[in-house]
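[1] below is the sequence, then the predicted model.
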Amino acid sequence: MQHFQTKLNADWCYKNRSERKGRVFNGEELRKRYLIEAPQRIYADGNDFFGCAAAAWLANKPKETIVYWLYQAHIAKQAHFYWVLNPGKVHSFSLQDLDIALPGKKMLNWSDVHDWQDALNLAIIFNDQAALANLMQYEARDFIHPKAEGTKLPFMHAYCDLLKGFFNPQANLKNLVQAVADTSQPDKIPVIKRSLVYNVMLPFADLMLAIVANNKERFSLTMQKAIKSHVTHFNDSVHDGLEIGWLSMPLSAVAAIAYRQCGFKPEPNPYFPDWLVYGDFDVNVPKPDIDIRPLSEQWKDKI
């Protein structure tokens, strides 16, 4: 894997990420604290679990190891959106051998359209119909964060409506696509958001439209362009050094739908495993062994 500019020590990346999460969930006091702090931190932990999965993929770890971390990311991110979309309702689940049951509460942090799509991607990959049904309740206009300008963008609202429309047979996709086109012009997208919008979000929508059209050639050509856009996004200096670019959840998710719905098989590429697309995995895998080094006193209160 040498498509990105960055030169990563894959084994070190995986060891560092997995050890950090192992330390959080292995300590008795930390585990007790987590039962209280979960709603505020669980989405961020989901990001960390995904980082472990991406590092494991890059380091050529066994499939079971990649699936383990990816499924933990799925559990964590769905828990966040169960809570924020169902205030007052108790959501129960197990994460890292912790049984958690807490009532929902609306939160703006980690609840923008990009966060929601991350959860959607994982729900698609794991074909989790309950999670998909829950995520369809999401309305971008209800999660405008006063300190996050991106949540106010008309494009984000239109894009969310389009993605939900792909899962609604009654949706008027023509109108939804037009709304995305109208709101995605460069003068309407802040510079800081353009790479995400043009290299990640819009390619996903284009691929979904190819699936709706059941057009294999169009899907194949669009996927080739989407992969190039993905590399462009993660080659940006903002992402320099991050191994997460090596495992694309948007491309994995849309490829999984294409395979299930149309039988389309993408060409082999470094950014998602074919077995993930084809559903050739079992989520009931043992927790991988994690070598956790003793933590010095000065760092113990920083976890």
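    Okay, I see it.

[2] what's the burial count for residue 12?
    12 (other C-beta atoms under 10 Å). Quick note: C-beta positions are derived from backbone N, CA and C, even for glycine.

[3] pretty sure it sits in a helix.
    Yes - assignment of residue 12 by DSSP: H, G, I helix; E, B strand; the rest coil places it within a helix.

[4] kindly provide the distance from it to residue 19.
    Separation of residue 12 from residue 19 (C-beta to C-beta, to the nearest Å): 10 Å.

[5] scan this structure for its longest helix.
    Across the chain, the longest stretch assigned as helix under DSSP state H is helix 28-58.

[6] and the next helix or strand past that helix?
    Scanning forward in sequence from helix 28-58 by DSSP states H and E, the next helix or strand is helix 63-85.

[7] what's the first helix or strand after that following helix?
    Next along from helix 63-85, by DSSP H and E: strand 90-95.

[8] within the sheet, what are the partner strands of that next one, with directions?
    Using DSSP bridges, strand 90-95 pairs in its sheet with strand 98-103 (antiparallel).

[9] so which bits of the strand it pairs with are buried?
    Buried residues in strand 98-103, counted by 16 or more other C-beta atoms under 10 Å: 100, 102.

[10] got the angle for that strand vs helix 28-58?
    Computed by axes from the mean of the first three to the mean of the last three C-alpha atoms, to 10 degrees, the angle separating strand 98-103 from helix 28-58 equals 110 degrees.

[11] start the count at 462 instead of 1 going forward.
    Done: numbering now begins at 462, and the last item shifts to strand 559-564.

[12] from the chain's centre, how far out does strand 559-564 sit?
    On the basis of C-alpha atoms, centre = their mean, to the nearest Å, strand 559-564 sits 22 Å off its chain's mean C-alpha point.

[13] got the contact list for residue 552?
    If a contact means C-beta atoms under 8 Å, 6 or more residues apart in numbering, then residue 552 has 540, 543-544, 562-565 as its contacts.

[14] who's it bridged to?
    Going by DSSP bridges, residue 552 forms beta bridges with residue 563.

[15] am I right that residue 753 is in a helix?
    No - counting by three-state DSSP, one finds residue 753 to be coil, located in no helix.

[16] just the pLDDT for the residue nearest to it when sequence neighbours are not counted.
    The shortest distance from residue 753 to any non-neighbouring residue, by C-beta to C-beta, 6 or more residues apart in numbering, is to residue 483 (5.0 Å). On the pLDDT scale, residue 483 is placed at 88.

[17] residue 725 too?
    We have a pLDDT of 98 for residue 725.

[18] what residues does it make contact with?
    Taking C-beta under 8 Å, 6+ apart as the test, what residue 725 contacts is 672, 677, 680-681, 716, 719.

[19] rebuild these as TSV, extending it with secondary structure.
    TSV is the format used below for these (three-state DSSP):
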residue	secondary structure
672	helix
677	helix
680	helix
681	helix
716	helix
719	helix
